[in-house]
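**Student:** Provided below for reference: sequence and predicted model.
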There are 2 protein chains.
Amino acid sequence: MKMQKFAITDAVLDRSPGQKADISVGNLVDERHGGPITIGYGRYAPGQSLTETIVVDDVMIVLEGRLSVATEAGTVTAGPGEIVYMPKGETVTISTHEEGALTAYVTYPHWRPAHA
Amino acid sequence: MKMQKFAITDAVLDRSPGQKADISVGNLVDERHGGPITIGYGRYAPGQSLTETIVVDDVMIVLEGRLSVATEAGTVTAGPGEIVYMPKGETVTISTHEEGALTAYVTYPHWRPAHA
């Protein structure tokens, strides 16, 4: 695969299967492209919440808005330019408040086959 | 390792060894932490240029400013919220113009031992 640049307008955002909150993700690079990592954008509407056990190492970079991530060890809140690292095996609750959030994410390995 | 949040103020930015341009990077998560990926922030002064053959899969998310990345296939320019994916093996020239840039990066595997 060659070097590539992506913008949010390159992503096709959809709800993950089985996911009820108003949270949409769109992979730009994933298992279809032959590399080891998945890259994408995620959009979180205001007032949403999602609990998930992370099956891959997952890095979220907040681009707009703000979100909170809670584990049994505590809760962090991240805004623009901040990074949340969710190691494989952590159970996290990701929540938005009165504003939503736009994130970029990078995972190793690919999250979609790991979820299946 | 547990879930963690990072801000630019958490990073200690330094020039990479042997690197002459005014470009500093700071790992937040790397080979010292037991996971598979490196996470960090990079700061590029205006008018800098760096040519490198990428030895790991490297994802740069532009947080502030703007930078260009050139390969033999062409040049892309990325600004805030945009992502540049540099697959392992690509030779890239990263340049800033009249403004510098602040980036977040995620690599798989760790770039520091791969460089050594």
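**Tutor:** Arrived safely. Keep in mind that what you see is a predicted model, and the values were worked out from it rather than measured.
**Student:** Could I get the full set of helices for chain A?
**Tutor:** Secondary structure of chain A (DSSP state H): helices located at A:111-115.
**Student:** need the contact list for A:Ala13.
**Tutor:** I think there's a mix-up here, since residue A:13 is Leu and not Ala. A:24-26, A:41-43 (Cβ atoms under 8 Å, 6 or more residues apart in numbering or on different chains). C-beta coordinates here come from the backbone N, C-alpha and C atoms, glycine included.
**Student:** A:Pro80 is in contact with A:Leu67, isn't it?
**Tutor:** No. With contact defined as Cβ atoms under 8 Å, A:Pro80 does not count as touching A:Leu67 (11.0 Å).
**Student:** Who has more neighbours out of the two?
**Tutor:** A:Leu67 (27 against 16; other Cβ atoms under 10 Å in any protein chain shown).
**Student:** tell me the pLDDT at the more buried one?
**Tutor:** Model confidence at A:Leu67, given as pLDDT, is 97.
**Student:** Please apply the same query to A:Val106.
**Tutor:** 98.
**Student:** ok, what's across the strand from it?
**Tutor:** Per DSSP bridges, the residues bridged to A:Val106 are A:Ile39, A:Val59.
**Student:** how far away is it from A:Thr75?
**Tutor:** Distance from A:Val106 to A:Thr75, counting by Cβ to Cβ, to the nearest Å: 22 Å.
**Student:** Ok, A:Arg112 next?
**Tutor:** Distance of A:Arg112 to A:Thr75, given as Cβ to Cβ: 27 Å.
**Student:** how about the residues of chain A near chain B?
**Tutor:** A:1-8, A:28-29, A:35-37, A:39, A:57, A:59, A:61, A:63-64, A:69, A:71, A:73, A:76-78, A:80-88, A:90, A:92, A:102, A:104, A:106, A:108 (Cβ under 8 Å from any Cβ of the partner chain).
**Student:** more neighbours, A:Arg112 and A:Thr75?
**Tutor:** More neighbours surround A:Arg112 than the other of A:Arg112 and A:Thr75, with 18 against 13 (other Cβ under 10 Å).
**Student:** how close does that one get to A:Val55?
**Tutor:** 10 Å.
**Student:** Common neighbours of the two, please.
**Tutor:** With Cβ under 8 Å, 6+ apart, A:Arg112 and A:Val55 have no common neighbours.
**Student:** my read: A:Lys2 touches B:Thr71, true?
**Tutor:** Yes. Taking Cβ under 8 Å as the definition, A:Lys2 is a contact partner of B:Thr71 at 7.0 Å.
**Student:** list residues touching both of the two?
**Tutor:** B:Glu90.
**Student:** More neighbours: these two, which one.
**Tutor:** B:Thr71 (15 against 12).
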